[in-house]
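A.B. asks: Sharing a sequence plus its predicted fold:
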Amino acid sequence: MTENVRLIIWDLDETFWKGTVTEGGIEFIERNHDIVIQLARRGIISTICSKNDQSTVQPLLEKKGLWSYFVFPSINWEAKGPRIAALIEAVMLRPASVMLIDDNPSNLNEVAHYVPGIQVASPMVLQGLLDDPRFKGKDDSSMTRLSQYKLLEARYEDKRATKAAGATNYDFLRSSHVRVQFEFDISEHVDRAVELINRTNQLNFTKNPLSEDVEKARADLLDLVGRYDVQAALVRVTDRYGDYGFVGFYAVKTVEARSNLVHYCFSCRTLGMGVETWVYRNIGRPWLPMVGHVLTDPRDESLPVDWISLGPPVSHTPEQSISIPNPFHKLLLRGGCNGLSIAHYFHANIKSVVSEVALSRNGVPIRIDHSLFATNALDGLSTDFLGAIERLGYQRSDFVTQLFDVTLGNALVILDFWTDAEIAIYRHRILGFRIPFVAPYHFPVKPEGNVMELVDNFTMEGYDGDHQFFKSLRTLREEYEYEGIIGEQAFKKNLARILSHITSNAKIYILAANEKWLNPGNNLTYTYPAHSNLNQWTAQVAISFGNVTILDVRQFFSSEADAETVNHFDRLVYFRIFQAILALSTNGKAESGHPLIDSNDAPHGM
């Protein structure tokens, strides 16, 4: 199937106009003049490849007010095949989306030989060109695409001059002042995101297209990027030549602490800038499944990309910096999946981002976000303790944390202990230590903690007596006794110990647990007293620590619909929390509309 045309290459003599310039007389074809302008309004670009003298041709087209509508014009006496091959490389388009219109069959054959896949046509194609579906384009009345190609043209000429002067491409890039901005609110620009995803170009690394039905594609993408475990953004690029617009899109899905790129795609208009590599590093190097032929490898660590800097988010004004100033050189996050979603936004701002989060190993949930994991680490790991927790499915590494590292220094620390309100504690009958453990969700957890019943009835499909989770339940039955959810005094003691062992130079943020949830299935609002209690206890402890700020996640909701469950939220909630932490860490106050609860206000409740 013939592709839609994105660039027309015009021959001039006996094609764009009647007659030959060198023979002394030409007659403009007004219809062609109008075609160039109309195509520009459809986002389809025009250029010239003509055997003529530019010093003669350019004034003719300037007089008609048309010269500025052509990008990368090539007007000289050299063979057209090599010139058009170089032109297509410069404009960074696939040959199949380019058409040459020329009256000379020899030129058409020559170019088809040099540029396999290019579309070629005689001037006869002009008769019905504007009605040809290949030239339908899309509304671009402001001629944004033409402006962007003009930027490419100016950049290309400067790059060529730089190389001619003996400088390297890296020198040129460093002089270009390339800046990347992220737009995290996809809803305002969903059509552009869909367009980037559905392109099959060689900078679409995942090639995971959406539906060809535009409405369904929009709905599916908005559903994806609204999930709590998906982080996404459009990528905008500017440099000293101008604004290239939204040239990229990514969507990262996190599953059990592993991040995978669902979509990773870029426009060819920034090919050669290293943007795809810089973005990949600054979103934390998630797993990237490379699909089909691509022109670059964003995972290549040898490319310096030190010519790119982070600009403010698109929704910000230029004066609102999103850079974390020194001395915040590090972010340490310890918690559940919510913390991972917040940490995503910090990768471009802080060089070192450490995420200590809950995970699953061999079917056993490892909820290191419970306060007991950190306090057990403080107590020390005896040989007997390690032997006991290994039989339960845990490992030594689960009790290793950077929270108490003396080198943590002036870091940002984000904590959440929501799981303390939800997961039961078990005490080892002989050694006396306490440890949280997650019982199977499909079994009712009785107040008396009848682990024997759980083990005897553990027949989940795909599991057997040799499965690690079954072994863990059996160990729990044989070696531990049930105590239940942590109590007030025990939690306060744990939290105070944790906070007192974190360097006082760190700026600590604690996420308060969500206390209610509107179930969209039945439109009923559920309250969570255990979360309310946990928040009150946290506030009462935090008041004693001047470097602690408590964030009420509900303050970052735009509506109750932002809560997918009581513990999981719309993606933009995490972005707003990031913005608030950023603002408070940078200038001491949160952005308007996103209040923070400081430890100094804690006694007044949550």
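C.D. replies: Received it, and whenever you're ready, just let me know what you need. Residues are numbered from 1 along each chain as shown.
A.B. asks: Could I get the CA-only coordinates of the strand or helix carrying Y482 as PDB?
C.D. replies: Take DSSP states H and E as the rule and Y482 turns out to sit in strand 480-484. In PDB, the C-alpha atoms belonging to strand 480-484 read as follows (Å, rounded to 0.1, in the frame of the first residue of the first chain):
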ATOM      1  CA  TYR A 480       5.500 -18.500  65.100                       C
ATOM      2  CA  GLU A 481       2.500 -17.400  67.000                       C
ATOM      3  CA  TYR A 482       0.000 -14.800  65.700                       C
ATOM      4  CA  GLU A 483      -0.100 -11.300  67.400                       C
ATOM      5  CA  GLY A 484      -2.200  -9.300  64.900                       C
END
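A.B. asks: pLDDT of that strand, averaged?
C.D. replies: Strand 480-484 shows a mean pLDDT of 88.
A.B. asks: Can you list the strands that it pairs with?
C.D. replies: strand 425-428 (antiparallel) (DSSP bridges).
A.B. asks: per-residue confidence averaged over the strand it pairs with?
C.D. replies: On average, strand 425-428 scores 93.
A.B. asks: contacting residues for F373?
C.D. replies: By Cβ atoms under 8 Å, 6 or more residues apart in numbering, F373 lies in contact with R367, D398, F399, T401, P436. Quick note: C-beta positions are derived from backbone N, CA and C, even for glycine.
A.B. asks: Where does pLDDT dip in the chain?
C.D. replies: 1, 200, 256-257, 312-328, 439-466, 587-606 (pLDDT under 70).
A.B. asks: and it, what are its domains?
C.D. replies: For the chain, the structural domains run 7-145, 168-310, 330-423+485-604, going by automatic domain parsing.
A.B. asks: Any chance of CSV for those, columns distance to Q468?
C.D. replies: Shown next, in CSV, are the domains of the chain (distance: least, Cβ to Cβ, whole Å):
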stretch, distance to Q468
domain 7-145, 50
domain 168-310, 15
domain 330-423+485-604, 4
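A.B. asks: Among those domains, which comes closest to D158?
C.D. replies: Closest approach to D158 among these is made by domain 168-310 (7.1 Å; Cβ to Cβ).
A.B. asks: Straight-line length of that closest one, end to end?
C.D. replies: 23 Å (Cα to Cα, to the nearest Å).
A.B. asks: Show me what the helix or strand following the strand holding Y482 is in contact with.
C.D. replies: Following strand 480-484 in sequence order, the next helix or strand is helix 488-500 (DSSP H and E). The contact list for helix 488-500, computed with Cβ under 8 Å, 6+ apart, reads 371-372, 374-375, 378, 403, 415, 417, 420, 486, 508, 533-534, 537-538, 540-542, 544-545, 548.
A.B. asks: If we use 6 Å, what do you get?
C.D. replies: Applying Cβ atoms under 6 Å, 6 or more residues apart in numbering, the contact partners of helix 488-500 are S371, A374, T375, D420, W537, V541, F545.
A.B. asks: just to revisit the earlier point, can you check what angle separates the strand holding Y482 from helix 488-500?
C.D. replies: Here the directions of strand 480-484 and helix 488-500 differ by 100 degrees (axes from the mean of the first three to the mean of the last three Cα atoms, to 10 degrees).
A.B. asks: show me where the stretch 451-600 of the chain has helices.
C.D. replies: 451-456, 468-479, 488-500, 529-542, 571-587 (DSSP state H, counting those that start in this stretch).
A.B. asks: wait, which of those is closest to S360?
C.D. replies: Of all these, the one in closest proximity to S360, counting by Cβ to Cβ, is helix 468-479 (9.6 Å).
A.B. asks: now the angle between strand 480-484 and the closest one, please.
C.D. replies: Angle, helix 468-479 to strand 480-484, by the same axes, to 10 degrees: 90 degrees.
A.B. asks: Please name every helix or strand in contact with helix 468-479.
C.D. replies: Secondary-structure packing of helix 468-479 (3 or more Cβ pairs under 6 Å, 6 or more residues apart in numbering; DSSP states H and E): strand 364-366, helix 451-456.
A.B. asks: So which bits of that helix are buried?
C.D. replies: F469, F470, K471, S472, L473, R474, T475, L476, R477, E479 (16 or more other Cβ atoms under 10 Å).
A.B. asks: Export it to CSV, keeping only CA atoms.
C.D. replies: The C-alpha trace of helix 468-479 is given here as CSV (Å, rounded to 0.1, in the frame of the first residue of the first chain):
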residue,chain,number,x,y,z
GLN,A,468,7.9,-21.7,48.6
PHE,A,469,4.8,-19.9,49.8
PHE,A,470,3.3,-23.2,51.1
LYS,A,471,6.6,-23.9,52.9
SER,A,472,6.5,-20.4,54.4
LEU,A,473,3.0,-20.9,55.7
ARG,A,474,4.1,-24.3,57.2
THR,A,475,7.1,-22.6,58.9
LEU,A,476,4.7,-19.9,60.2
ARG,A,477,2.5,-22.5,61.7
GLU,A,478,5.3,-24.4,63.3
GLU,A,479,7.6,-21.7,64.6
